[in-house]
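Q: Got a predicted structure plus its sequence, pasted below:
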Amino acid sequence: MSTKVSDHILQRLREWGVEEVFGYPGDGINGLLAAWGRAEDHPRFVQSRHEEMSAFQATGYAKFSGRLGVCVATSGPGAIHLLNGLYDAKLDHVPVLALVGQTHRTAMGGSYQQEVDLHSLFKDVASDFVETVTVPEQLPNVLDRAIRTAYARRCPTAVIIPGDVQELDYSAPTHEFKMVPSSLDRSDWTAVPSEKSLERAAEILNSGDKVAILAGQGAAGAREEVERIAETLGAGVAKALLGKDVLSDELPYVTGSIGLLGTRASYEMMRDCDTLLTIGSSFPYTQFLPEFGKARGVQIDIDPHMVGMRYPYEVNLVGDAKETLRRLIPMIRGEERGREWFDTVCDNVRTWHDVMERRARLSADPINPEYVARALDPLLPADAIVTSDSGSVANWFARHLTMRPGMRASLSGTLASMGCGVPYAIGAKFAHPDRPAIALVGDGAMQMNGMAELITAAKYRDRWQDPRLVVAVWNNRDLNQVTWEMRSMGGAPSFLPSQELPDVQYAAFARSLGLTGVRVEKPEDVETGWRTALEADGPAVVEFLTDPSVPPIPPHATWEQMEATAESILKGDTDRGSMIKQGFKAKMQDFLPGRK
């Protein structure tokens, strides 16, 4: 039996070490689906409920495995559905390959059913590499180049294969004019800055008395080096949300997240420092960085396209974080430094932890959403993989969960797309089937995407050695993050037709699928609810009825934000009574004395 183009594609994926492909069927990829049957489902075809979820699952898989995520979709509507998940990969710099069907070549240009100009459609999201295969000899080069590019540039790429091409007999490129051969190898490589630029960076860091470090996901492979340079410099370390699992939150000088979802300790450190070292982060909110002209700056990033645009750094070191820090650390003088700044940072961290503990213990109607996250923190398994959706739940993820060595965590950091939490967790389970995954999701995101993907979790539950996949839902019947943004930024009351959500029985829906479902309606049952879900013998949904009036207060609420929120109350916000009470109680925790 001859080898078809579709057979060769799957063979080449296997040769690249691809073990899972996340997708949804359609006639535009019938040739590929038939090849999957001939290949006895190797690599494994993982069926989502929607192509967007396939792309999110591939992105989550890539984030938590460090390997290429692959998704597949049919032509037209299936291809269009992939876009949001692929943009998430693009903006968070994750290697993902999209294999996309297209109408037959004989019909292209004829306004045929489901015919879409896929080259134009994918040209932005897969701007580093998108190509259509029109003859068998283009393979394997197109596929190999798409994969190498995705890895090298940490981006999504796309390969479009018309339906009739998939069913052609495969013939390799020959040793002739206008043929392009290919090879599989992808050798390891790294980039390091010049010795002169390292010396300039060391001069700046050595001259600083109050050094702050901002670490992002680009520092993920340099944990020991980040710890060493922080301790040598006597610096505190704040983390961008995509770098939440880069460094342990148990270290006394780690101030936690930065920005609107960040901690007051991070805010104070950036406000008061005289030197900033940014490692592997493109955190965009400059108002949470030191004031311009107040601090000298050094940046380390492997991508020259991303350096020097968030802060007026004096030195931009283009290189791998680990290798760059290994060369930079011997140039740093630490023995001459006093401990006053370092001790202040550590004191601020302890104070913040006290504030968050008190906020989580405040009463609410019925359950304080901060307490839900706080109660999970000590129960997290040592090897947990945690995903967070976008929305107010991301605040509680950012501030209350303590990352410890070995834990992993992520969210849609740059796109901040709703609906990523559950598919990310499913992708994580295929990347690490022997580890527990926990998705933290608001009810808006759960209604948008999460409920359907519970069906996917139920379908594949027997494929995972560790069966635990916990989906936690903050059920407050409100699109809470946008509601609070309207209040604090626009001075507008909550607009119920857009903000109010139906009250859905998420735990009951889980039980209807044969999964564990727990509904928690009282604060005293929160810990038990978590324990039940974490001890389940398969996927579980634990649903908490939380109070939408508890505000996600920024680490430093400005007078403008306070005035705008007050204005929204005066305009007749439907929830103004409980909102005033909860906001006052939460903010007061900042001013109460800390632990003795």
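A: Great, that's in hand. Numbering: from 1, shown residues only.

Q: helix, strand or coil for the nearest residue to Y313 once chain neighbours are set aside?
A: Leaving aside its sequence neighbours, Y313 sits nearest to G297 (C-beta to C-beta, 6 or more residues apart in numbering; 3.9 Å). C-betas here are computed from N, CA, C, even on glycine. At G297 the chain is in strand, as set by DSSP: H, G, I helix; E, B strand; the rest coil.

Q: what about G297, how many neighbours?
A: G297: 25 surrounding residues under other C-beta atoms under 10 Å.

Q: same thing with W464?
A: Residues within reach of W464, counting by other C-beta under 10 Å, total 21.

Q: so what's it up against?
A: For W464, the contacting residues are 429, 433-434, by C-beta atoms under 8 Å, 6 or more residues apart in numbering.

Q: Now, of the residues you listed, which are buried?
A: Buried by 16 or more other C-beta atoms under 10 Å: K429, out of these.

Q: With respect to V541, which of the contacts of W464 is nearest?
A: Checking the contacts of W464 against V541 by C-beta to C-beta gives K429 as the nearest, at 15.0 Å.

Q: Quick check: which element contains that closest one?
A: helix 421-431 (DSSP states H and E).

Q: thinking again about what came up before, now the contacts of W464 as JSON lines including distance to T387 and pLDDT?
A: Shown next, in JSON lines, are the contacts of W464 (distance: C-beta to C-beta, whole Å; pLDDT from 0 to 100):
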{"residue": "K429", "distance to T387": "10", "pLDDT": "98"}
{"residue": "P433", "distance to T387": "16", "pLDDT": "98"}
{"residue": "D434", "distance to T387": "17", "pLDDT": "98"}
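
Q: Tally up the residues packed near I332, please.
A: Neighbours of I332 (other C-beta under 10 Å): 17.

Q: same thing with Y371?
A: 24.

Q: can I assume it sits in a helix?
A: Yes. Counting by three-state DSSP, Y371 is located in a helix.

Q: what helix or strand does the residue nearest to it when sequence neighbours are not counted sit in?
A: Spatial nearest neighbour of Y371, excluding adjacent residues (C-beta to C-beta, 6+ apart): A360 at 4.5 Å. A360 is part of helix 340-361 when elements are defined by DSSP H and E.

Q: Tell me who's in contact with the residue minimising distance to the centre of the chain.
A: Most central in the chain under C-alpha atoms, centre = their mean is L411, positioned 2.6 Å from the mean C-alpha point. By C-beta under 8 Å, 6+ apart, the contact set of L411 is 241-242, 387-390, 394, 397, 420-421, 424.

Q: Inside strands: which ones of these?
A: The strands, defined by DSSP state E, take in 387-388 from those.

Q: a markdown table for the contacts of L411, including distance to L33?
A: Formatted as a markdown table, those follow (distance: C-beta to C-beta, whole Å):
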| residue | distance to L33 |
| --- | --- |
| L241 | 38 |
| L242 | 35 |
| T387 | 29 |
| S388 | 34 |
| D389 | 31 |
| S390 | 33 |
| A394 | 37 |
| F397 | 37 |
| C420 | 26 |
| G421 | 29 |
| Y424 | 25 |
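
Q: Output the contacts of L411 as TSV; include the columns distance to D128 and neighbour count.
A: Formatted as TSV, these follow (distance: C-beta to C-beta, whole Å; neighbours: other C-beta atoms under 10 Å):
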residue	distance to D128	neighbour count
L241	24	25
L242	20	25
T387	26	29
S388	27	31
D389	27	32
S390	25	21
A394	28	24
F397	30	23
C420	22	34
G421	27	33
Y424	23	31
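
Q: Quickly note the distance from the residue nearest to Y313 to E115.
A: Distance of G297 to E115, given as C-beta to C-beta, to the nearest Å: 50 Å.

Q: quick one on the thing from earlier: who does the helix or strand following the helix holding K429 pair up with?
A: Remark: after helix 421-431, the chain's next helix or strand is strand 437-442, criterion DSSP H and E. Take DSSP bridges as the rule and strand 437-442 pairs in its sheet with strand 385-388 (parallel), strand 469-475 (parallel).

Q: OK, contacts around the residue lying closest to N449 once chain neighbours are set aside?
A: Closest residue in space to N449, ignoring its immediate chain neighbours: G419 at 3.4 Å, by C-beta to C-beta, 6+ apart. G419 sits next to 52, 56, 389, 445, 448-450 when contact means C-beta under 8 Å, 6+ apart.

Q: ranking those by neighbours, who comes first?
A: Busiest of the contacts of G419 [other C-beta under 10 Å] is F56, holding 34 neighbours.

Q: ok, that one to A439 distance?
A: From F56 to A439 the distance is 11 Å (C-beta to C-beta).

Q: what's the overlap in contacts for these two?
A: Overlap between the contact sets of F56 and A439, as judged by C-beta under 8 Å, 6+ apart, is given by Y424.

Q: my guess is Y506 meets M451, correct?
A: Yes. Using C-beta atoms under 8 Å, Y506 is in contact with M451, at 7.2 Å.

Q: So which of those two has more stuff around it?
A: Y506 (26 against 21).

Q: Which pLDDT value belongs to that one?
A: pLDDT for Y506: 98.

Q: how about the helices of the stretch 251-400 of the chain, start to end?
A: Ranges of helices in the stretch 251-400 of the chain, per DSSP state H, counting those that start in this stretch, are 264-272, 321-328, 340-361, 369-376, 392-400.

Q: Columns distance to L83 and mean pLDDT on top of those, output as a markdown table?
A: A markdown table is the format used below for those (distance: least, C-beta to C-beta, whole Å; pLDDT from 0 to 100):
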| stretch | distance to L83 | mean pLDDT |
| --- | --- | --- |
| helix 264-272 | 33 | 97 |
| helix 321-328 | 30 | 98 |
| helix 340-361 | 37 | 96 |
| helix 369-376 | 31 | 98 |
| helix 392-400 | 22 | 96 |
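
Q: closest one to G514 among those helices?
A: The nearest among these, by C-beta to C-beta, is helix 369-376 at 24.3 Å.

Q: Name all residues that make contact with the nearest residue to N480 once chain neighbours are set aside.
A: Closest residue to N480 apart from its sequence neighbours, by C-beta to C-beta, 6+ apart: S392 at 4.0 Å. If a contact means C-beta under 8 Å, 6+ apart, then S392 has 369, 442, 474, 480-481, 484, 552 as its contacts.

Q: do L118 as well
A: 75, 79, 100, 102, 132, 158, 160.

Q: Ok, G208 next?
A: 233, 273-275, 296.

Q: Need the buried ones from the residues you listed selected in PyMOL.
A: In PyMOL syntax, the buried subset of the contacts of G208 is picked out as below (16+ other C-beta under 10 Å):
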select buried, resi 233+273+275+296
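
Q: Tabulate the contacts of G208 in a markdown table, adding columns for pLDDT and distance to A172.
A: Formatted as a markdown table, the contacts of G208 follow (pLDDT from 0 to 100; distance: C-beta to C-beta, whole Å):
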| residue | pLDDT | distance to A172 |
| --- | --- | --- |
| L233 | 97 | 55 |
| C273 | 98 | 58 |
| D274 | 98 | 61 |
| T275 | 98 | 56 |
| R296 | 98 | 56 |
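
Q: out of the contacts of G208, which one sits closest to M331?
A: Closest to M331, out of all of the contacts of G208 and judged by C-beta to C-beta, is L233, at 11.5 Å.

Q: Grab the nearest non-local neighbour of the closest one.
A: V211 (4.5 Å).

Q: if we can go back for a sec, what's the neighbour count on the residue nearest to Y371?
A: Residues near A360, counting by other C-beta under 10 Å, number 22.

Q: And E15, by the same measure?
A: For E15, the tally of surrounding residues (other C-beta under 10 Å) stands at 12.

Q: pLDDT of the helix or strand containing S410, averaged?
A: In this assignment (DSSP H and E), S410 forms part of strand 408-411. For strand 408-411, mean pLDDT rounds to 98.

Q: Direction included, what does that strand pair against?
A: strand 385-388 (parallel).

Q: What lies in contact with the partner strand?
A: With C-beta under 8 Å, 6+ apart as the test, strand 385-388 has contacts from 60, 64, 380, 394, 397-398, 401, 407-411, 420-422, 424-425, 428, 432, 435-440.
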